[in-house]
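>>> return a 3D structure for these sequence lines:
(chains A and B)
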Amino acid sequence: MTGRVFALLKRDLARLLLGGRGGGALMPVLFFLSVAMLYPFAVGPDAPLLARTGGGVIWVAALLAAILPLDRLVEPDIEQGQFDQWALRGISEELVIAVRVLAHWLSFGPPLMLATLPAAALLGLEAGTLGIVELGLLAGTPGLAALGVTVAALTAGLRGGTALAGLLVIPMAVPILIFGAGSLAIGGESGLALTAAASLVLLAIAPFAGGAAVRAARG
Amino acid sequence: MQDAKIAIRDLACRRGDRVLFRGLSLALNAGEALQVAGGNGIGKSSLLRIVAGLAPAFAGTVEREGAIGLVDERPALDTSHALGDALAFWARIDGTSENAAQAARDRLGLADLLDVPVRYLSTGQKKRAALARLIGQEAPLWLLDEPLNGLDVHAVELTEAIVAEHCAGGGIALVASHQPFRVEGLQRLALADYAA
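Okay, the predicted model is just below:
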């Protein structure tokens, strides 16, 4: 069984992190950086303003970047019959989804945290703020990954599924965004714990909700 | 190979609000092969999916002994990967030995295609790759949905020979096809007889 889990994880990472034609992890990171770069152009080079609002911009950019790979997360494997083949081999949809959440997080969480360093420099964030943003992303991105995979499974096979998935993820990511960005306020450190709590809830639900969605899509 | 058996009792299949067939009973024991014949849309693929446990039966029961290998119109190979990598993934999942995997690839004429991304392969080449995966799976129950689609004359004969060997080795093959399928001792079932 362990061998199968590693085989699944390796394949998922090859698809999501290195990603053939989809661009892999590079696209969300470039998207994230370009948003961080555009923001000073839009609001002007007022350093105190940028430093005060930059953390929130990073959070919004991270949320939007997490939406980009949604269409590649679940749907291709339903269309090409992989889920059927796994089911015949006794590999449950829940296991596949759990592995996929991990692979999805690895392919966008750590890269975004790395990209936050240059983004913070662009926005002129202070070291203390940057530290809290990084901690917040560490706590929040696993939840975004779980949410992304769940919603991708729910919308797989629907017409306009990708656009719908993006629309569904945004409201459900609000708790993570509020607590994560809220932790940047003075005395808001407890927000980090709440971000992590929201992440854990989503992580706990994702395999079962996603697995049930894949089975329902089989029809 | 473990004991193989398929027993279907009084099976009915519904798609949407139409019942496709009902009252279907059959039993297959080790070494037997059955072709389900019939026109398009009569429920051949649905029957195979019900037997595989991937779709619910409208009525009746299906009993199986042994693992199931399925080849249908979807090759379940990653389109962006090279064929060699896509097959290697399934070999790891199925625990196929490298020798067995290579023997299957060579036999199906895939040796020269291993570097080619799956999306550039033809229908017949993908079908041959799916057969190589099926052989590597070493499942006693084979469910083949239109296995000859897209195959050339040589590959058709090869597929028939592979199915014959599988049954000679104690396996079961349930083949859904509207084309003639030539395997010695092949039983036939006209699904139209059970149309509701």
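>>> could you list the residues in contact with stretch A:79-90?
Applying C-beta atoms under 8 Å, 6 or more residues apart in numbering or on different chains, the external contacts of stretch A:79-90 come out as A:77, A:92-93, A:96, A:157, A:214, A:218, B:52-54, B:67-70, B:72, B:74-79, B:90, B:93-94, B:137, B:139. For glycine as for every other residue, the C-beta is placed from the backbone atoms N, C-alpha and C.
>>> show me which of those are buried.
Among those, the ones that count as buried by 16 or more other C-beta atoms under 10 Å in any protein chain shown are A:77, A:93, A:96, A:157, A:214, B:52, B:54, B:67-70, B:72, B:74-79, B:90, B:93-94, B:137, B:139.
>>> what sits closest to B:Gly185 if chain neighbours are left out?
In space, and not counting its chain neighbours, B:Gly185 is closest to B:Ala33: 6.7 Å by C-beta to C-beta, 6 or more residues apart in numbering or on different chains.
>>> show me the shaky parts of the chain.
With no chain named, the answer covers chain A. A:20-23, A:219 (pLDDT under 70).
>>> please go with chain B instead
B:1-2.
>>> now the strands for it?
B:5-15, B:18-29, B:33-37, B:59-65, B:68-71, B:141-145, B:172-176, B:187-190 (DSSP state E).
>>> got the contact list for the residue lying closest to B:Arg15 once chain neighbours are set aside?
Excluding the flanking residues, the one nearest B:Arg15 by C-beta to C-beta, 6+ apart is B:Ser46, at 6.1 Å. Residues near B:Ser46 by C-beta under 8 Å, 6+ apart: B:13, B:15, B:20, B:55.
>>> from the residues you listed, keep the buried residues only.
The buried subset of the contacts of B:Ser46 - by 16+ other C-beta under 10 Å - is B:13, B:20, B:55.
>>> out of those, which touch chain A?
Subset of the buried ones among the contacts of B:Ser46 in contact with chain A: B:Ala55, counting by C-beta under 8 Å from any C-beta of the partner chain.
>>> just the closest of the buried ones among the contacts of B:Ser46 to chain A, please.
Closest to chain A out of the buried ones among the contacts of B:Ser46 is B:Ala55 (7.4 Å), distances taken as C-beta to the nearest C-beta.
>>> wait, that closest one sits on B:Arg49?
Yes: between B:Ala55 and B:Arg49 a contact is recorded at 4.0 Å, counting by C-beta atoms under 8 Å.
>>> what's the overlap in contacts for the two?
Joint contacts of B:Ala55 and B:Arg49 (C-beta under 8 Å, 6+ apart) do not exist.
>>> could you check how far the residue nearest to B:Gly185 is from chain A?
19 Å (C-beta to the nearest C-beta, to the nearest Å).
>>> could you pull up the residues touching that residue?
B:163-164, B:167, B:172-175, B:183, B:185-187.
>>> in helices, which of the contacts of stretch A:79-90 fall?
Here DSSP state H is the test, and the contacts of stretch A:79-90 give A:77, A:93, A:96, A:214, A:218, B:52, B:90, B:93-94, B:137 as lying in helices.
>>> ok so A:Ala209 is a strand residue?
No: counting by DSSP: H, G, I helix; E, B strand; the rest coil, A:Ala209 is not found in a strand; it is helix.
>>> relative to chain B, how far out is it?
Relative to chain B, and taking C-beta to the nearest C-beta, A:Ala209 is found at 20 Å.
>>> could you do A:Ala66 as well?
21 Å.
>>> what sits closest to the residue positioned nearest the centre of chain B if chain neighbours are left out?
The centroid of chain B falls nearest to B:Leu144 when counting by C-alpha atoms, centre = their mean (2.0 Å). Leaving aside its chain neighbours, B:Leu144 sits nearest to B:Val175 (4.7 Å; criterion: C-beta to C-beta, 6+ apart).
>>> is the one you found in contact with B:Gln35, as I believe?
Yes: using C-beta under 8 Å, B:Val175 is in contact with B:Gln35, at 4.7 Å.
>>> that older thread, so what's the residue nearest to B:Leu144 up against?
B:33-36, B:144, B:147, B:163, B:181, B:186.
>>> want to throw the residues you listed into JSON lines with distance to A:Leu112?
Formatted as JSON lines, these follow (distance: C-beta to C-beta, whole Å):
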{"residue": "B:Ala33", "distance to A:Leu112": "54"}
{"residue": "B:Leu34", "distance to A:Leu112": "54"}
{"residue": "B:Gln35", "distance to A:Leu112": "54"}
{"residue": "B:Val36", "distance to A:Leu112": "51"}
{"residue": "B:Leu144", "distance to A:Leu112": "45"}
{"residue": "B:Pro147", "distance to A:Leu112": "46"}
{"residue": "B:Val163", "distance to A:Leu112": "50"}
{"residue": "B:Phe181", "distance to A:Leu112": "53"}
{"residue": "B:Leu186", "distance to A:Leu112": "57"}
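>>> closest one to chain A out of those residues, please.
B:Leu144 (13.3 Å).
>>> which one of the ones in helices among the contacts of stretch A:79-90 is nearest to A:Ser199?
Nearest to A:Ser199 out of the ones in helices among the contacts of stretch A:79-90 is A:Val96 (C-beta to C-beta; 20.6 Å).
>>> which residue sits closest to the closest one, ignoring its sequence neighbours?
A:Trp86 (5.8 Å).
>>> what parts of chain A come near chain B?
A:3-4, A:7-8, A:10-11, A:14-15, A:19-22, A:76, A:79-82, A:84-89, A:91, A:218-219.
>>> quick check on those: which are buried?
Using 16+ other C-beta under 10 Å, the buried members of the residues of chain A next to chain B are A:4, A:7-8, A:11, A:14-15, A:19-20, A:22, A:76, A:80-82, A:84-89, A:91.
>>> among these, which are located in helices?
Using DSSP H, those in helices are A:4, A:7-8, A:11, A:76, A:82, A:84-88.
>>> quick revisit: any idea which of the contacts of B:Ser46 is closest to A:Pro48?
B:Ala55 (62.4 Å).
>>> look up how far B:Ser46 lies from the closest one.
Distance, B:Ala55 to B:Ser46, using C-beta to C-beta, to the nearest Å: 6 Å.
>>> can you give me the helices for chain A?
A:2-13, A:26-43, A:47-67, A:70-73, A:75-79, A:82-88, A:93-123, A:127-155, A:161-172, A:174-182, A:190-218.
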